[in-house]
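# Let me see the structure of the following:
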Amino acid sequence: MATPPTTYATSGLRVLHDSTLGRYVITERTIVPGETIAIWRGVEISTREALQLPPEQRHQLLQVGADRFLYTESDHLCEVDFINHSCDPNCGFTDAYTLVSLRSISPGESITFDYAMSDTNSFIEFSCMCGAPTCRGRLTGNDWQIPELQIRYAGWFAPHAEELIRTRHP
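Here you go, the predicted structure:
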């Protein structure tokens, strides 16, 4: 597979590891509202191709279209590839590949987005341990359909999720 273009990660991010949560990303500096956190790049693959990957590689995929995922080989992963889900996120999407801060993020705080903002496939399902007061307890590829999330994240969904909301839940 050809080497994909490099993913952009804002400065000051650091990957940490927790025995319960696994890898996650914090900022070591203050991030201002609207700051670009990540612009993901990689090789686009189909859902069929994604399902053929081992589970540990599927967990690193970013859904960028109805049937499109960004795949990055393990040795090309960077900090933003370990940004975790939160049911109370501090980041959202401006397009399929670009994540920006929704508010000021303090040093030591985890960088997060709600996976419902981009994941619309059924193979993305797991128990949530984010600890937010709004925690759903379980994430599925259908969470984009939750009316409260559609209202809360209006304008911050990836385009393919926004299109599903517009066409299936006008």
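# buried stuff in the lengthiest helix in the chain?
Looking across the chain with DSSP state H, the single longest helix is helix 159-168. Buried residues in helix 159-168, counting neighbours by 16 or more other Cβ atoms under 10 Å, are found at 159-162, 165. From N, CA and C alone the C-beta is placed, and that goes for glycine too.
# do stretch 7-25 as well
7-10, 13, 24-25.
# Low-confidence ranges, the chain, go.
1-5, 169-170 (pLDDT under 70).
# Tell me, how many residues neighbour the closest residue to R23 other than its chain neighbours?
Using Cβ to Cβ, 6 or more residues apart in numbering and skipping the chain neighbours, the partner closest in space to R23 is F82 (4.3 Å). By other Cβ atoms under 10 Å, 19 other residues sit near F82.
# and what of E79?
Counted with other Cβ under 10 Å, E79 comes out at 20.
# can you give me the strands for the protein?
8-9, 13-18, 22-27, 36-39, 43-45, 62-65, 68-71, 84-85, 91-93, 98-101, 112-113, 126-127, 138-139 (DSSP state E).
# same for the fourth one, what does it pack against?
Based on contacts counted as 3 or more Cβ pairs under 8 Å, 6 or more residues apart in numbering; DSSP states H and E, the elements that strand 36-39 packs against are strand 8-9, strand 98-101.
# Name the surrounding residues that touch the longest one.
To tie it back to what came earlier, the one meant is strand 98-101. Outside strand 98-101, the residues within contact range by Cβ atoms under 8 Å, 6 or more residues apart in numbering are 31-40, 80, 83, 90-94, 113.
# Looks like L61 contacts R68 (just checking).
No. Using Cβ atoms under 8 Å as the test, L61 is too far from R68 to be in contact (9.9 Å).
# Look up the residues that both of the two are in contact with.
In contact with both L61 and R68: I45, using Cβ under 8 Å, 6+ apart.
# Now do the contacts for L21.
Contacts of L21 (Cβ under 8 Å, 6+ apart): 84, 129.
# distance of it from S127?
12 Å (Cβ to Cβ, to the nearest Å).
# Equivalent analysis for I146, please.
17 Å.
# Looking at these two, which has the bigger crowd around it?
Counted by other Cβ under 10 Å, I146 and S127 do not tie: I146 has more neighbours, with 15 against 8.
# Run through the residues that contact the closest residue to the more buried one other than its chain neighbours.
Of all residues not flanking I146 in the chain, A116 sits nearest, at 7.1 Å (Cβ to Cβ, 6+ apart). Shown in contact with A116 (Cβ under 8 Å, 6+ apart): 139, 143-144, 146, 149, 153, 161.
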